[in-house]
Every structure is written in structure tokens, then in C-alpha cells.
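[1] generate a structure from the sequence data that follows.
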Amino acid sequence: MKRFLILLALLGYSGLSHAQSLDVMTYNIRCGSCESPENTNYWKKRKYLVAHLIKMHNPDVIGLQEAEVPQVEDLVEMLDDYSWIGVGREDGKEKGETTAILFRHNRFALQGQQTLWLSQTPQQVSRGWDASYRRTLSIAKLTDTLNKKNLLVFNTHFDNEGEIARQESAKFLLAEVAKLSPQDNYVVTGDFNFKADAKGYEIITQTLADAGKIATTPATGGNKTFNDFGKNAEVDNKIDFIFVKKDAKVLMHQVDTTTYNGLFPSDHFPVVTRLELSVPAQQ
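    Numbers count the residues shown, from 1 in each chain. Below you'll find the model as predicted:
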């Protein structure tokens, strides 16, 4: 029997499933045109801080919010390890903020991409329900070269004013997730503009799990993600989340509150998590 097992191992068959990790980040990087050039928080001054913070974690996939196309291009150029998908929410091309998805191109092959507007007409550039702004959901279909399985990444930014829009956006997101095959791995990232006591959060967590709540080690970094470049004093205002399958194994979850000599890379803190992906045995 021992010789038989050795032979199977040499042939690449273990008879058992094994695990691979996936590091995920969600990060609202604050729009590049929101501050004037003389402002301390102007993008051209803080972009290096954002890139350095991302590099410290080296995530496999990143969901960005408020990321204008030039900002994404800056980061991809500095980080070098990533490809990306996304379109501007104002014209479906390059105008306005994106919900860009970055993925490590030495691990993932892009199989498909889509941007939908959170509205009653998702295929068109549009604003939905009582939202103040046009809002989008980006979807990247990737193939993981480590295990040949699909990974679907959903990244979004819900409206900051419209309560109905947030609830309807939550339902819309779940409807898109429901289209997946049970065998697909997936992860949802975003700035949801609601806290854990909101109706939108309740809607999503009926189907998905908040990665921070099911981590096998205690979540770190506190429960605050909106910092307003240090001006927001709220202790409990986490509005940026990573959602996963209910049965996912989350190994780590962190809100990274790093600052640089008192400078904040963004008006949000990034959220980082590590998942364990179960990989079927090779036949």
C-alpha cells in the first residue's frame, strides 16, 4: 500500500484536497480630482503612500473605489505586478470614478469583465433609485493558474445618500452572485456606505458572510474605516467590507490604520483578508 501511495504521489494524485490562500484588499483611495494641487492630500502627493501601503500587503486581488483612471494607471505603474479592469461611471469609458479591480497577473488570467450600473437599467450609464451619484459594480472573471479554477471578483461602491439605493443595490449584487456555478470561488469587495447595523448589511449577510466576522483569528485594526484624512473621530464607522461564501475559511482580517508621519494615504483605511481556498484533488 505504501508503494502504491508513493506511486500516486509521483503521478500527481494525492487523493485528498489541499488548500491555497488568497489575499484580498478593498480600498477607497479617494478620487484624484477631489483636492486641489496645493492641498496636502492631493493625489500626486499621496499616491506613493497608497502604493507603499498596498505593496506591504501584496494582495492577490484588490477592489478599489473612487479610483479615477489616471489614479489606477499610476498605481499599476508603481506596483508593476497587476493588471486591472474597470470603466468610468460617468461615460462607461474613462470619465469619472471607477470600481477598478486589480489582480496579480502572474497568478490570474482574465477570462471576462463587466461593469454594471446600480440602477433599474444596469447595462446603461445610469443612476438608480434615490442615489445621489451614478454607482457601479465591476466584475472580473479570472482563472487561477495555481488551481485552474474560476475566481469571480465583485467590487462596488454603494451610494452615500440614498437608503433605498443601498438596499436595492444589495439585492442587485446578490442576484449577480446567484448566477455563479457552485464550484466557482468568489469574493465581494466594496465601500458600501453602511455600517453593520444597517438594512443593506442585513440583506447581504443573509446570503454572504462578513469576512471579519468569521475569521479564525481575531480581526485586527478596529472597526473604523472612514477617517476623513484624520478628521473623523468616530470609533465605530466601518463601511468598507469584504464578503465571502458562508462556508469560506477566513484566516486573517485586518483594517490597516497605517499613517506616514501623520499623513493619511486616503480618507479611508484599507481592509485586508486572507482566505483559504479548497482545491479538489487532482485526478
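[2] low-confidence ranges, the stretch 1-150 of the chain, go.
    Scanning the stretch 1-150 of the chain for pLDDT under 70 picks out the ranges 1-18.
[3] so which residues of it form strands?
    In the stretch 1-150 of the chain, strands defined by DSSP state E, counting those that start in this stretch lie at 18-28, 61-65, 67-68, 82-85, 97-98, 101-104, 108-117, 136-144, 150-157, listed in chain order.
[4] a markdown table for those strands, including mean neighbour count?
    Where C-beta positions appear, they are placed from N, C-alpha and C, glycine not excepted. Shown next, in a markdown table, are the strands of the stretch 1-150 of the chain (neighbours: other Cβ atoms under 10 Å):
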| stretch | mean neighbour count |
| --- | --- |
| strand 18-28 | 20 |
| strand 61-65 | 28 |
| strand 67-68 | 28 |
| strand 82-85 | 21 |
| strand 97-98 | 28 |
| strand 101-104 | 24 |
| strand 108-117 | 17 |
| strand 136-144 | 22 |
| strand 150-157 | 24 |
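[5] which one of those lies nearest to residue 277?
    When the strands of the stretch 1-150 of the chain are compared by Cβ to Cβ, strand 18-28 sits nearest residue 277, at 5.0 Å.
[6] what helices and strands are in contact with that closest one?
    helix 43-57, strand 61-65, strand 150-157, strand 185-191, strand 240-244, strand 271-279 (3 or more Cβ pairs under 8 Å, 6 or more residues apart in numbering; DSSP states H and E).
[7] taking the mean pLDDT, what do you get for the helix or strand just after the fifth one?
    I take that to be strand 240-244. Downstream of strand 240-244, the next assigned helix or strand under DSSP states H and E is strand 249-255. When pLDDT is averaged over strand 249-255, the result is 98.
[8] now do stretch 238-245
    The predicted model gives stretch 238-245 an average pLDDT of 98.
[9] contacts for that stretch?
    Identification of contacts with stretch 238-245 by Cβ atoms under 8 Å, 6 or more residues apart in numbering yields 24, 26-28, 65, 186-196, 201, 204-205, 208-212, 214, 223-226, 250, 253, 255, 268-271, 273, 275.
[10] if you set the cut-off to 6 Å instead, what comes out?
    The contact list for stretch 238-245 (Cβ atoms under 6 Å, 6 or more residues apart in numbering) reads 24, 26, 187-189, 191-193, 208-211, 223, 225-226, 268, 271, 273.
[11] now stretch 105-112
    By Cβ under 6 Å, 6+ apart, stretch 105-112 touches 83, 141-143, 145.
[12] now do 8 Å
    Applying Cβ under 8 Å, 6+ apart, the external contacts of stretch 105-112 come out as 60-61, 81-83, 85, 103, 139-146, 150-151.
[13] and if you look at stretch 172-183?
    Contacts for stretch 172-183 (Cβ under 8 Å, 6+ apart): 116, 118, 122, 137, 139, 149-150, 152, 154, 156, 186, 188, 203-204, 207-208.
[14] and it, end to end?
    One end of stretch 172-183 to the other measures 21 Å (Cα to Cα, to the nearest Å).
[15] one more: stretch 169-189?
    Span of stretch 169-189 from end to end, Cα to Cα: 14 Å.
[16] and for stretch 181-197?
    End-to-end span of stretch 181-197 (Cα to Cα): 30 Å.
[17] pull the distance from it to the chain's centre.
    Counting by Cα atoms, centre = their mean, to the nearest Å, stretch 181-197 is centred 8 Å from the centre of its parent chain.
[18] then stretch 122-134?
    21 Å.
[19] what pLDDT does residue 216 get?
    96.
[20] now do the same contact list for it.
    When contacts are counted by Cβ under 8 Å, 6+ apart, residue 216 touches 249-251.
[21] burial measure for the residue lying closest to residue 135 once chain neighbours are set aside, as a count.
    Distances taken as Cβ to Cβ, 6 or more residues apart in numbering put residue 118 closest to residue 135, at 4.2 Å, once the chain neighbours are dropped. Residue 118: 29 surrounding residues under other Cβ atoms under 10 Å.
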